[in-house]
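>>> The amino acid sequence is not available; the structure is as follows:
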């Protein structure tokens, strides 16, 4: 692989030999979330500087829910999931745990207005705050295989799960995708046969007795 770029007026080239790019790899599974966290930080800064628009907001919500990243638009990730739908002090809409993965900010959120009105000393404060938020997001991204927030959101490996009606549900799960589904009873012979063949699934199935996982084009549903 040859990598070429410019720094100032100087063109630099780097060559890497004997590289191998496997179709899939289990090492460094923190990288997708690290990328998503940096991307969210950049998007938040764009909204702060230029005002809110639907495209930026929707991308933040999508990345936040998929990777379990707490943002101004996914503030429900920092709760215990017991709150009902209501507008909080920041103007964003919170929802109950049942539809938390699909939460969206209130359309009258003040982000755009506040971004346009920031000047002078307040701009410096807001810029510093945005940088601090990005650093906090980066710190979150480096935490692997542990509970991100209180009880209702968990990250294991490269996946994020939400506790919905007692079921740990993969953030990639979408009912409308109509993927083929495999249903297994927890701790059954079929259950153990599968995780002996697909060892990566074992870490996801260990979340509880009821789990929904999207894996290699299929939905695996573990039931009691």
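Structure's in. What do you need? Note that this is a predicted model, so its numbers are computed, not measured. Numbers count the residues shown, from 1 in each chain.
>>> State the number of residues packed around residue 194.
18 (other C-beta atoms under 10 Å). (C-beta placed from N, C-alpha, C; glycine too.)
>>> Surely it touches residue 184?
Yes - using C-beta atoms under 8 Å, residue 194 is in contact with residue 184, at 6.6 Å.
>>> Between the two, which contacts overlap?
residue 220 (C-beta atoms under 8 Å, 6 or more residues apart in numbering).
>>> For this structure, just list every one of the helices.
Ranges of helices in the chain, per DSSP state H, are 31-50, 54-67, 111-117, 120-141, 189-197, 199-205.
>>> What average pLDDT does the fourth one get?
For helix 120-141, the per-residue pLDDT values average out at 54.
>>> just to revisit the earlier point, averaging pLDDT over each of the helices of the chain, report the lowest-scoring one.
Among those, helix 111-117 carries the lowest mean pLDDT, at a mean of 41.
>>> ok, and what's touching stretch 180-192?
Residues contacting stretch 180-192 (C-beta under 8 Å, 6+ apart): 194, 205, 209, 210, 217, 218, 219, 220, 221, 222, 223, 224.
>>> Of those residues, which count as buried by neighbour count?
194, 205, 210, 219, 220, 221, 222 (16 or more other C-beta atoms under 10 Å).
>>> ok, which pair from the residues you listed is furthest apart?
194 and 210 (15.9 Å; C-beta to C-beta).
>>> According to the record, where do the domains of this protein fall?
Per the record, the chain has its domains at 31-143, 173-223, by automatic domain parsing.
>>> Switch the contacts of stretch 180-192 over to CSV; also include distance to residue 68.
What follows is the contacts of stretch 180-192, written out as CSV (distance: C-beta to C-beta, whole Å):
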residue, distance to residue 68
194, 25
205, 19
209, 21
210, 19
217, 23
218, 22
219, 19
220, 20
221, 21
222, 20
223, 24
224, 25
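>>> Pick the one among those closest to residue 19.
Among those, and counting by C-beta to C-beta, the member closest to residue 19 is residue 217, at 27.0 Å.
>>> Verify the stated contact: that closest one with residue 179.
Yes - here residue 217 reaches residue 179: they are 6.3 Å apart, a contact under C-beta under 8 Å.
>>> Can you give me the neighbour number for the closest residue to residue 15 other than its chain neighbours?
Excluding its sequence neighbours, the residue lying closest to residue 15 (C-beta to C-beta, 6 or more residues apart in numbering) is residue 2, at 5.2 Å. When neighbours are defined as other C-beta under 10 Å, residue 2 has 8 of them.
>>> Spit out the contact partners of residue 2.
Taking C-beta under 8 Å, 6+ apart, one finds 13, 14, 15, 16 in contact with residue 2.
>>> List the beta-bridge partners for the first one.
What it means is residue 13. Using DSSP bridges, the bridge partners assigned to residue 13 are residue 4.
>>> Please verify my assumption that it contacts residue 4.
Yes - counting by C-beta under 8 Å, residue 13 touches residue 4, with 4.6 Å between them.
>>> how much space between the closest residue to residue 209 other than its chain neighbours and residue 211?
Distances taken as C-beta to C-beta, 6+ apart put residue 186 closest to residue 209, at 4.4 Å, once the chain neighbours are dropped. Separation of residue 186 from residue 211 (C-beta to C-beta, to the nearest Å): 8 Å.
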